[in-house]
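Novice: predicted coordinates and the sequence they were generated for:
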Amino acid sequence: MTPDFHDLVGDEGTPEELERLRRVHDLLVAAGPPPELPPRLADAPEPRRSPALVAWLPRRRLEAALVAAAAVIAIAFAAGYLVGGRGQGFQAAHTVTMHGVGRVAAAASIEVGKKDAQGNWPLLVKVRGLRPLPPGGYYVLYLTKNGKPKAPCGRFTAGGKLTTVRLNVPYELKHYNGWVVEAYEPGKGEGGPLLST
């Protein structure tokens, strides 16, 4: 059934517009309905695989190249951050000095920064004179209460001369009254204090 032009458009519009619309309507009616869709087009065709970004590289090599490029960018960013992108550096609120215990000819200083918003105290520990430990060995910095190690603050290795380590602790420092450094050696465990406040 063909709809009547007057029912579709009505009487609104100028006579020129109505005449132009009448001609378009008559052409559409004369053209008739569109042909039926061929059966081969009833289902959508499979999407074609998009060509590789770089046509001369196989897909696996392209993925490997992208991963390698991302790794190079990450390394460059980290190196830039470590070399000079950290802003003003470490700002100590106060410094604690440590001395060798017994025959240990070593010394250390602990620069304590301001407590951050998460409750961590940043530490910059500078140690001189601790000997290198055997493979698997390390030093441990503790907070003490009445001379006894109570709260571990971090592990580090040393090389004899100056060793500088950044650590942070979440403890309330006012609950402790000192610091010690002890050594852990594989097969021997932890020894007594080597450095103390």
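Specialist: Alright, I've got the coordinates. Every value quoted in this text rests on a predicted model; they were computed, and no experiment measured them.
Novice: isn't Y138 right up against T163?
Specialist: No - counting by Cβ atoms under 8 Å, T163 is not a contact partner of Y138; they are 11.4 Å apart. C-beta coordinates here come from the backbone N, C-alpha and C atoms, glycine included.
Novice: anything in contact with each of the two?
Specialist: Common neighbours of Y138 and T163 (criterion: Cβ atoms under 8 Å, 6 or more residues apart in numbering): 156-157.
Novice: with neighbour numbers in mind, choose between the two.
Specialist: T163 (18 against 15; other Cβ atoms under 10 Å).
Novice: next one: phi and psi at that one?
Specialist: When quoted as degrees, to the nearest 10, the phi and psi of T163 stand at phi -120, psi 130.
Novice: spatially nearest residue to it (excluding sequence neighbours)?
Specialist: Using Cβ to Cβ, 6 or more residues apart in numbering and skipping the chain neighbours, the partner closest in space to T163 is V127 (4.6 Å).
Novice: residue contacts, that neighbour?
Specialist: Shown in contact with V127 (Cβ under 8 Å, 6+ apart): 106-108, 139, 156, 158, 162-165, 181, 195.
Novice: what residues of the helix or strand hosting V29 count as buried?
Specialist: Element membership for V29 (DSSP states H and E) is helix 15-31. Neighbour counts over helix 15-31 (16 or more other Cβ atoms under 10 Å) mark 18, 25 as buried.
Novice: quick one: pLDDT of the residue nearest to the spatial centre of the chain?
Specialist: Nearest to the geometric centre of the chain sits A74, at 10.1 Å (Cα atoms, centre = their mean). pLDDT for A74: 79.
Novice: next up, phi/psi of it, please.
Specialist: Residue torsions, per degrees, to the nearest 10, at A74 are phi -60, psi -40.
Novice: for it, give its distance to A158.
Specialist: Per Cβ to Cβ, to the nearest Å, A74 is found 29 Å from A158.
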